[in-house]
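J.: Provided below for reference: sequence and predicted model.
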Amino acid sequence: MTTLIESPPADADGLLPAKKKSSGGGLGQYILIRFLLIFPTIFILVTMVFFLMRITGDPITAAMGGRLPPEQLQERIHAAGYDRPLFTQYIEYLGQLATGNFGTTLSDNRKVTEMLTTYGSATLELSINALIVALLVGIPLGMLAAHRRDHLDAVLRIFAILCYATPVFFAGLLLKLTFSVWLGWLPVAGRAKTSSELALTSLQAPTGIYWLDALRSGNMAALGDVMAHAVLPAVALGLLTAGIFLRLVRTNVIGTLGRDYVEAGRSRGVSEFRLVTKHAYKPALIPIITVMGLQIAVMLGGAVLTEKTFEWKGLGFQLATYLTARDFVAVQGIVVLLAVIVAMTNFIVDIIAALIDPRVRY
């Protein structure tokens with residue numbers, strides 16, 4: 001008696017076997033481990049930032065030294081507790097962070113938490129816009145380079161190298177010169193016109209992300225103005241990451257196109273375009289998602305130069321201002337917040353990658 005062994009069902013093109021539902025046994029443990037790793041990561045970063053800031057001395061001397069008489073300077077140092085042992089200051093600083101107290105800026109006497117919430121939304125808006133540009137440019141061009149491995153592939157690879165090798169401030173200056181000064185198509189700097197900013201900030205419970213607030217209020221005039229101001233900064237920062245995405249997608253799609261099941265598809269008459277867009281595209285997204293967490297850190301670093309170039313009033317712009325004023329309390333607060341954002345972003349990216357590809361969990 002002959003036993004028939006049924007082959008697993010294939011997809012529409014007869015290439016890949018249909019996926020069986022996974023029990024997801026290791027997903028919960030993977031998420032828990034990744035979540036717990038956030039805390040030592042942030043602790044190490046906070047510790048490094050604290051002691052590196054103290055290498056030059058206490059913050060008040062760094063900010064006010066030479067501008068106050070020695071007696072007044074010592075009084076301020078004593079009142080702030082910066083003349084106590086360094087380890088005591090460190091323990092007290094950790095206690096303040098645990099309660100959400102980042103201190104008070106020295107140059108403009110503002111609560112650091114208030115400054116972070118005021119300007120953090122602007123940096124978040126710029127990062128979102130830049131990430132959209134990077135995905136819209138990098139992924140399609142990477143697929144095109146993999147599909148057209150001729151002269152066009154060489155041109156796109158050169159474009160990718162130029163994207164991530166060009167300093168973001170230089171790219172910003174070139175964009176401003178071309179599209180603002182010569183052509184006059186887009187605004188030179190800022191997040192929006194004064195009238196648009198007043199209209200958006202006067203809304204009830206604004207998010208601080210201008211295009212989102214404009215959509216919520218239905219103010220199409222403000223939305224158009226905000227988007228016009230956002231184009232050049234987003235492109236300048238987004239192209240930095242688009243080049244990396246382009247090369248990643250190209251490399252992974254080409255590698256997938258050499259697999260046995262793709263060759264089988266070619267023999268069955270499946271078009272090359274369908275092989276690229278359907279079967280080679282999805283596996284190429286996994287490294288993109290994994291690298292995306294690292295690119296968030298790159299974008300936040302590039303936001304400092306981008307915001308300064310385009311006078312985009314966000315955390316990067318304020319960080320440059322406080323560094324000039326030697327306000328190390330404000331600088332420390334901004335750096336710690338950015339470290340937390342990067343750690344949380346990497347955690348989210350790890351979870352998404354694990355949901356897409358179960359192999360990531362092991």
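T.: That came through, no problem. Bear in mind that the values here come from a model prediction, so they are computed numbers and not experimental data.
J.: From here on, just use CA atoms for contacts and neighbour counts.
T.: Fine.
J.: measure Leu186 to Ala325 for me?
T.: Leu186 is 32 Å from Ala325, where distance means Cα to Cα, to the nearest Å.
J.: swap that for Leu52, sorry
T.: Taking Cα to Cα, one finds Leu52 at 17 Å from Ala325.
J.: the more surrounded of the two?
T.: Neighbours per residue (other Cα atoms under 10 Å) separate Leu52 from Ala325, with Ala325 holding more: 17 against 12.
J.: what about Ala354, how many residues close to it?
T.: Using other Cα under 10 Å, the number of residues around Ala354 comes to 21.
J.: Same question for Ala145.
T.: Neighbour number of Ala145 under other Cα under 10 Å is 25.
J.: contacting residues for it?
T.: Leu152, Asp153, Ala154, Leu156, Arg157, Arg250 (Cα atoms under 8 Å, 6 or more residues apart in numbering).
J.: Any stretches of the stretch 251-362 of the chain with poor pLDDT?
T.: The stretch 251-362 of the chain contains residues with pLDDT under 70 at 272, 276-284, 293, 357-362.
J.: next one: the stretch 101-250 of the chain
T.: Nowhere does the stretch 101-250 of the chain drop to pLDDT under 70.
J.: distance between whichever strand or helix holds Phe159 and the chain's centre?
T.: Counting by DSSP states H and E, the element that carries Phe159 is helix 151-165. Offset of helix 151-165 from its chain centre (Cα atoms, centre = their mean, to the nearest Å): 22 Å.
J.: same question, stretch 187-196
T.: With Cα atoms, centre = their mean as the basis, stretch 187-196 stands 23 Å off its chain's centre.
J.: Just the buried residues of that stretch, please?
T.: Pro187, Val188, Ala189, Gly190, Arg191, Ala192, Ser196 (16 or more other Cα atoms under 10 Å).
J.: Over to stretch 103-122?
T.: 103-107, 112-113, 115-116, 119-122.
J.: Of those residues, which belong to helices?
T.: Val112, Thr113, Met115, Leu116, Tyr119, Gly120, Ser121, Ala122 (DSSP state H).
J.: can you list these in JSON lines and add distance to Val270?
T.: Formatted as JSON lines, those follow (distance: Cα to Cα, whole Å):
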{"residue": "Val112", "distance to Val270": "59"}
{"residue": "Thr113", "distance to Val270": "57"}
{"residue": "Met115", "distance to Val270": "57"}
{"residue": "Leu116", "distance to Val270": "53"}
{"residue": "Tyr119", "distance to Val270": "52"}
{"residue": "Gly120", "distance to Val270": "49"}
{"residue": "Ser121", "distance to Val270": "47"}
{"residue": "Ala122", "distance to Val270": "47"}
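J.: Tell me the one among those nearest to Ala236.
T.: Ala122 (15.9 Å; Cα to Cα).
J.: if I look at the closest one, how far off is Val304?
T.: Relative to Val304, and taking Cα to Cα, Ala122 is found at 12 Å.
J.: before we move on, what about Gln29?
T.: 37 Å.
J.: So for the two, which residue has more residues nearby?
T.: Each of Gln29 and Val304 has its neighbours counted (other Cα under 10 Å); Val304 has more, 21 against 11.
J.: circling back: of the contacts of Ala145, just the buried ones, PyMOL syntax please.
T.: In PyMOL, this line selects whichever of the contacts of Ala145 come out buried by 16+ other Cα under 10 Å:
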select buried, resi 153+156+157+250
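J.: quick one: Leu198 from Gly314, how far?
T.: 17 Å.
J.: Looking at these two, which is more packed in?
T.: Set Leu198 next to Gly314 and count neighbours by other Cα under 10 Å: Gly314 wins out with 26 against 11.
J.: hang on, that one packs against Thr306?
T.: No: with contact defined as Cα atoms under 8 Å, Gly314 does not count as touching Thr306 (10.0 Å).
J.: All the helices of the stretch 1-150 of the chain, in order from the start?
T.: Secondary structure of the stretch 1-150 of the chain (DSSP state H, counting those that start in this stretch): helices located at 27-54, 59-64, 70-80, 86-98, 112-147.
J.: what about the longest one, distance to the chain center?
T.: Helix 112-147 has its C-alpha centroid displaced from the chain centroid by 6 Å (Cα atoms, centre = their mean).
J.: now swap in the third one and tell me
T.: Taking the mean C-alpha point of helix 70-80 and that of its whole chain, the gap between them comes to 40 Å (Cα atoms, centre = their mean).
J.: What of the second one?
T.: Here the centre of helix 59-64 is set off from its chain's centre by 31 Å, with Cα atoms, centre = their mean.
J.: Which strands or helices does it pack on?
T.: helix 70-80, helix 328-356 (3 or more Cα pairs under 8 Å, 6 or more residues apart in numbering; DSSP states H and E).
J.: Check which residues of it are buried.
T.: Pro59, Ile60, Thr61, Ala62, Ala63, Met64.
J.: Likewise for stretch 165-179?
T.: Along stretch 165-179, these residues count as buried under the neighbour rule (16+ other Cα under 10 Å): Pro167, Val168, Phe169, Ala171, Gly172, Leu173, Leu175, Lys176.
J.: and what of stretch 332-339?
T.: Gln332, Gly333, Ile334, Val335, Val336, Leu337, Leu338, Ala339.
J.: With distance to Gly208 as new columns, can the residues you listed be given to me in JSON lines?
T.: As requested, the buried residues of stretch 332-339 are arranged in JSON lines below (distance: Cα to Cα, whole Å):
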{"residue": "Gln332", "distance to Gly208": "23"}
{"residue": "Gly333", "distance to Gly208": "19"}
{"residue": "Ile334", "distance to Gly208": "17"}
{"residue": "Val335", "distance to Gly208": "20"}
{"residue": "Val336", "distance to Gly208": "21"}
{"residue": "Leu337", "distance to Gly208": "17"}
{"residue": "Leu338", "distance to Gly208": "17"}
{"residue": "Ala339", "distance to Gly208": "21"}
